[in-house]
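1. how would this look folded up:
(2 chains)
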2 protein chains.
Amino acid sequence: MKRIGFQFKVRADRLDEYKAHHKAVWPEMLAALRESGWHNYTLFMRPDGLIFGYFETEHSLQTAQAKMAATDVNTRWQNFMSGFIDADARPDETFVELEAYFHLD
Amino acid sequence: MKRIGFQFKVRADRLDEYKAHHKAVWPEMLAALRESGWHNYTLFMRPDGLIFGYFETEHSLQTAQAKMAATDVNTRWQNFMSGFIDADARPDETFVELEAYFHLD
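-> Here you go, the predicted model:
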């Protein structure tokens, strides 16, 4: 099982609304994440909109993302979330992987 | 068990050396972390020196940090690491907690 860390950026002026949507993520989206190997997945935010994601998976980030990208519900969710980021892109296209350099079980 | 995310900043010009020290953290420091309730603890870095930490604990970040702060080995480790950050402080005094807004088991 690998431990993956990544970051992306959400518009600071829409953070409250963005956060509210994440309290009610569609059950179909949660099921797709589980089936795509996203385990113990937590998203954290900084007040300026920097987001840090952590999850555990048997895959690489690239493979875990490709599995999600192949689902219809992810396309719908990412398009829905596109208005919350500055880039002209889907949020999941802006993920930047971070390097794990220390671990303690 | 709470999931804690925090960040701090390491000097970009000393990142390689900083990373090398984290491949050989003192066993006494690892034992102190375990005994202070730091579980499944991973540190991630961005190339500019932004560090993201994730761990799981029965405590708050404040309590988990206070338990470490009470150990001699943490004082020695943090003083050793002080040269790797820009602030005139110990690294553990610069941790900023992030808000968890989504979780999937």
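2. make it CA atoms for all contacts and neighbour counts henceforth
-> Will do.
3. so what's the residue count around A:L33?
-> Neighbours of A:L33 under the rule other Cα atoms under 10 Å in any protein chain shown: 21.
4. and for A:M29?
-> Residues lying near A:M29 (other Cα under 10 Å) number 18.
5. give me every residue that touches A:S82.
-> A:D88, A:A89, A:R90, A:P91 (Cα atoms under 8 Å, 6 or more residues apart in numbering or on different chains).
6. chain B versus that one, what's the distance?
-> 18 Å (Cα to the nearest Cα, to the nearest Å).
7. and that residue, that one's in a helix?
-> Yes: judged by DSSP: H, G, I helix; E, B strand; the rest coil, A:S82 forms part of a helix.
8. other residues contacting stretch A:36-43?
-> Contact partners of stretch A:36-43, identified using Cα under 8 Å, 6+ apart, comprise A:51-59, A:64, A:67-68, B:3, B:100-105.
9. please redo it, this time with the cut-off set to 7 Å
-> By Cα atoms under 7 Å, 6 or more residues apart in numbering or on different chains, the list of residues contacting stretch A:36-43 from outside reads A:51-58, A:64, A:67-68, B:100-105.
10. just the ones in strands from those residues, please.
-> Among the contacts of stretch A:36-43, the members found in strands (DSSP state E) are A:I51, A:F52, A:G53, A:Y54, A:F55, A:E56, A:T57, B:A100, B:Y101, B:F102, B:H103, B:L104.
11. of the residues you listed, keep whichever come out buried.
-> A:I51, A:F52, A:G53, A:Y54, A:F55, A:E56, A:T57, B:A100, B:Y101, B:F102, B:H103 (16 or more other Cα atoms under 10 Å in any protein chain shown).
12. any chance of a markdown table for those residues, columns pLDDT and distance to A:L15?
-> As requested, those are arranged in a markdown table below (pLDDT from 0 to 100; distance: Cα to Cα, whole Å):
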| residue | pLDDT | distance to A:L15 |
| --- | --- | --- |
| A:I51 | 97 | 10 |
| A:F52 | 98 | 14 |
| A:G53 | 98 | 16 |
| A:Y54 | 98 | 19 |
| A:F55 | 98 | 21 |
| A:E56 | 98 | 25 |
| A:T57 | 98 | 27 |
| B:A100 | 98 | 13 |
| B:Y101 | 98 | 11 |
| B:F102 | 98 | 13 |
| B:H103 | 98 | 17 |
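13. residue contacts, A:G49?
-> Taking Cα under 7 Å, 6+ apart as the test, what A:G49 contacts is A:K9, A:V10, A:R11, A:A12, A:L15.
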